[in-house]
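Enquirer: One predicted model, sequence on top.
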Amino acid sequence: MPIQNNISLKPYNTFGIDVSAKYFISVSSLNELKSVLALEEYPNKLILGGGSNMLLTKNQDKLVIHLNLKGIEIIVENDEFVIVKANAGENWHEFVLWCMDKNFGGIENLSLIPGNVGTAPIQNIGAYGVELKDTFVSCETFALPDLSMHTFFKSECLFGYRDSIFKQQKDRYVITSVSFKFTKHNHKLNIQYGTIASELELMNVVNPTIQDISKAVISIRESKLPNPKIIGNSGSFFKNPVISKKQFEDLLQNFPDAPSYPVSENEIKVPAGWLIEKAGFKGKRFGCYGVHKNQALVLVNYGGANGNDLLNLSKLIQKTILRLFNISMEAEVNIL
Ligand SMILES: Cc1cc2nc3c(=O)[nH]c(=O)nc-3n(C[C@H](O)[C@H](O)[C@H](O)COP(=O)(O)OP(=O)(O)OC[C@H]3O[C@@H](n4cnc5c(N)ncnc54)[C@H](O)[C@@H]3O)c2cc1C
């Protein structure tokens, strides 16, 4: 496909922000990707997956490369396990459903997360007590700028909470495929987190299968999170801040109801949604954008907002949280 000019990126980002790409190309093979990455006349490039973790604040002068690399294959299989390789442009949720259909266990709790398989390792996507790293085996990449191919195994990826080497060394590697290890039987079920257990009860499920868990997670997410096809959003806008034990004790003095999750002996995670709600932003609407009414962690575009409206709102929230609680919140979304 030739390089196109002045393409609207509105259909390519879940916030639904209408900015344009000066240069745009969709690539569907590794060879095509490699030759596009090698184009010296476009020194600045932006990789675009599902566009569900980005806030576009301006027209993009870079060459926007839409990754459309498709294909899923089983590369190793025995009686207990299977190793599956999925190309970067596969839609994450469709990949989860593919696994559910084959009874491959491990990512059922990550059902209905938007975006692509190739982006999933970057922030080590996670939900309902499970993270990508739990089933991750390796990923293949092109390193920039020399385009050498490098396979990263789990220990090299430096996975953390919404973090990895690919986030730390932003724009250094283009992930082209990801391999996972899934169970074929005796699946390790994870139903303790959130409301999965009560959702399963509502579904009258006594001995849940991975498919039941996937359905429960889909149902919870559909009831809690705004559907980006209806209201533009990028999921959780902020990471949950991790603070010291001492800082948390100080917080409790003024806010004895502050919720928390221990991270390590000296660190505590405080839900960003609680902080934002306490600061009075939950459900606040500023014309065509605002904070979602049910989920304070989600900033929304009701239609027609521009990226700077949302960026300024996110800065106002960060400033208010710092003033009220002395806690810094970091954006989870990529600001571009
Ligand atoms: C409604 C909603 C709910 C969400 N829920 C969750 C959740 O529960 N848990 C969670 O972790 N996340 C969640 N997210 C965030 C998002 O789905 C994930 O971060 C997802 O992995 C982003 O994938 P994407 O393909 O859309 O990334 P994009 O937005 O296309 O890209 C994100 C960044 O990665 C870069 N990039 C993209 N692909 C590649 C590649 N192959 N190689 C190198 N760089 C690349 C881009 O340049 C950009 O900087 C949610 C988002 C929405 C809209």
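Expert: Sure thing, it's come through. Just so we're clear, the structure is a prediction, and the values are computed from it rather than from any experiment. Residues are numbered from 1 along each chain as shown.

Enquirer: Tell me the residues on the stretch 101-250 of the chain that lie near the ligand, please.
Expert: Proximity of the stretch 101-250 of the chain to the ligand (CB under 6 Å from any ligand atom) is limited to residues 113-116, 118-120, 122-123, 125-127, 174-175, 225, 228, 233-235. Glycine gets a C-beta too; all of them are placed from N, C-alpha and C.

Enquirer: ok, 8 Å please
Expert: 110, 112-116, 118-120, 122-127, 132, 141, 162, 166, 170-171, 173-176, 221, 225-228, 233-236 (CB under 8 Å from any ligand atom).

Enquirer: Can you tell me which of those end up in strands?
Expert: Those of those mapping onto strands are 126, 127, 141, 173, 174, 175, 176, 233, 234, 235, 236, per DSSP state E.

Enquirer: Buried residues of stretch 321-336, list them for me.
Expert: 321, 325, 327, 329, 331, 332, 333, 334, 336 (16 or more other CB atoms under 10 Å).

Enquirer: all helices in the stretch 1-150 of the chain, in order from the N-terminus.
Expert: Using DSSP state H, counting those that start in this stretch, the helices found in the stretch 1-150 of the chain span residues 30-37, 92-102.

Enquirer: Tell me which other helices or strands the strand or helix carrying residue 310 touches.
Expert: Using DSSP states H and E, residue 310 falls within helix 307-325. Where contact means 3 or more CB pairs under 8 Å, 6 or more residues apart in numbering; DSSP states H and E, helix 307-325 is packed against strand 54-55, helix 272-278, strand 289-291, strand 298-301.

Enquirer: wait, which of the ones in strands among the residues of the stretch 101-250 of the chain next to the ligand is closest to the ligand?
Expert: residue 235 (2.5 Å; CB to the nearest ligand atom).

Enquirer: Quick one: distance of the helix or strand of the chain with the lowest mean pLDDT to the chain centre.
Expert: The weakest-scoring helix or strand in the chain, judged by mean pLDDT, DSSP states H and E, is strand 261-262 (a mean of 88). Distance of strand 261-262 from the chain centroid (CA atoms, centre = their mean, to the nearest Å) equals 21 Å.

Enquirer: Assign residue 219 to one of the three secondary structure states.
Expert: Secondary structure for residue 219, judged by DSSP: H, G, I helix; E, B strand; the rest coil, is helix.

Enquirer: I'd like the distance from the nearest residue to it once chain neighbours are set aside to the ligand, if you could.
Expert: Nearest non-adjacent residue to residue 219, counting by CB to CB, 6 or more residues apart in numbering: residue 199, 5.9 Å away. To the ligand, residue 199 is 16 Å away according to CB to the nearest ligand atom, to the nearest Å.

Enquirer: list the buried ones in the one helix or strand residue 199 maps to?
Expert: Secondary structure from DSSP H and E places residue 199 in helix 196-202. Neighbour counts using 16+ other CB under 10 Å place 196, 199, 200 of helix 196-202 among the buried residues.

Enquirer: need those in JSON lines with pLDDT, can you?
Expert: As requested, these are exported to JSON lines (pLDDT from 0 to 100):
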{"residue": "196", "pLDDT": "95"}
{"residue": "199", "pLDDT": "96"}
{"residue": "200", "pLDDT": "96"}
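
Enquirer: Using the record's assignment, carve the chain into domains.
Expert: 4-67, 72-224, 232-335 (automatic domain parsing).
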